[in-house]
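Novice: Sequence first, then the predicted structure:
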Amino acid sequence: MSKPSRRLRILTWHVHGNYLYYLSQIPHDLYLVTKPGNPPGYAGAGGSLPWGANVFEIPATEVAFHEFDVVLYQHRIQWEDDRLNLLTDAQRQLPTVYLEHDPPQENAFSQRHWVEDVNVQFVHVTHFNDLMWDNGDVHTRVIEHGVIVPEGVRYSGQHDKGIVVVNHLRQRGRRLGVDVFADMRRHVPLDLVGMDAKSMGGIGEVDNMALAQFTSEYRFFFNPIRWTSLGLAVVEAMMIGMPIVGLASTEMVTVIRNGVNGYVDTDKTRLREVMNHLIADRAEAALWGEGARRTALERFNIARFVEDWNRTLADVAQ
């Protein structure tokens, strides 16, 4: 495994909690910028995730007084605001990585990314995102997801319904598939979990560490999202052996093989038929679930994820 010759002190931010938890499996120290009240992006190591001893919090007002080896940005605000207002000149010259979690939001194929410094190592989380963003002359690489699921949690599929996991679905609208979910729910028994799910007749939020066990009892995982990166909830469901049904868009089409580990399509009528078929045929759902777990173990295992990040950090910090 290629990795830096020393343990690195990495300054970063809490943008996506589960992703940050998986990132914390690297053999380096993460320092998370915090602000009073823990606003979005500055929550530190709070919540229910079992953070390791290599994760530390550092108030925004103290960043300038500490030494780091690498700065890892994960959001435009951090790049355009915090980089200029929290970091010293010397810290801005440190080896730098920018991690982009999302595909372009303003234009599907021609939006220019705001990071135009060729000295920055730019990381996309999917090849689809790398394809769609215009990164100009900035060198990019892709580090696909790696996940961990609680020991012993496996798919049972005992409930004759599907599960949808999306935070703030009503608020986030068509991009996250609020209309798709509403349409499907009229024809297929579906439960919704996530932040503010109750506003759409859903169950509500389920604790991070309890989500895998909760979803494992549903017959299939339905992903209504039109435009996003490959959702971690999808990958986590695959890792416990759960069949996936979703839209044939973004990176999903490279992950899901119809009739093998799930089913994707752009035809909503066909998707409804497939979901109802899985409800009627638990045995076939289980077979697809086994295929989903095989895919997840091959493509999204945590050891590969850690190795990719170690290699990237070695490239920038040596």
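Specialist: Great, that's in hand. Numbering: from 1, shown residues only.

Novice: alpha carbons only for contacts and neighbour counts from here, please
Specialist: Noted.

Novice: Now do the domain split for the chain, please.
Specialist: Using automatic domain parsing, the domain parsing of the chain gives 9-146+301-317, 159-299.

Novice: Any idea how far the shortest one is from the middle of the chain?
Specialist: The one in question is domain 159-299. 15 Å (CA atoms, centre = their mean, to the nearest Å).

Novice: where's the nearest residue to Asn129 once chain neighbours are set aside, which helix or strand?
Specialist: Leaving aside its chain neighbours, Asn129 sits nearest to Pro103 (4.8 Å; criterion: CA to CA, 6 or more residues apart in numbering). Pro103 belongs to no helix or strand when assigned by DSSP states H and E.

Novice: Residues in contact with stretch 77-93: which ones?
Specialist: Outside of stretch 77-93, the residues within contact range by CA atoms under 8 Å, 6 or more residues apart in numbering are 60-61, 63-64, 68, 71, 73, 115.

Novice: do that again at 10 Å, thanks
Specialist: Applying CA atoms under 10 Å, 6 or more residues apart in numbering, the contact partners of stretch 77-93 are 11-13, 33, 41, 60-73, 76, 98, 114-115, 119.

Novice: roughly how far is it from the heart of the chain?
Specialist: 25 Å.

Novice: Restrict that stretch to CA atoms and write it as CSV.
Specialist: C-alpha atoms of stretch 77-93 as CSV (Å, rounded to 0.1, in the frame of the first residue of the first chain):
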residue,chain,number,x,y,z
ILE,A,77,-17.4,28.3,1.2
GLN,A,78,-14.3,26.8,2.7
TRP,A,79,-12.3,27.5,-0.5
GLU,A,80,-13.6,31.0,-1.1
ASP,A,81,-14.1,32.2,2.5
ASP,A,82,-12.3,30.1,5.1
ARG,A,83,-9.1,29.7,3.1
LEU,A,84,-8.7,33.4,2.9
ASN,A,85,-10.1,34.4,6.4
LEU,A,86,-9.1,31.6,8.7
LEU,A,87,-5.8,30.3,7.3
THR,A,88,-2.4,32.1,7.4
ASP,A,89,-0.3,32.7,4.3
ALA,A,90,1.9,29.8,5.2
GLN,A,91,-1.1,27.5,5.7
ARG,A,92,-2.5,28.4,2.3
GLN,A,93,0.8,27.2,0.8
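
Novice: Which of the residues in it are classified as buried?
Specialist: Buried residues in stretch 77-93, counted by 16 or more other CA atoms under 10 Å: 78-79, 83, 86-87, 91.

Novice: repeat for stretch 223-231
Specialist: The neighbour-count check on stretch 223-231 (16+ other CA under 10 Å) flags 223-231 as buried.

Novice: Also stretch 281-296?
Specialist: Of the residues in stretch 281-296, 282, 284-296 count as buried by neighbour count, 16+ other CA under 10 Å.
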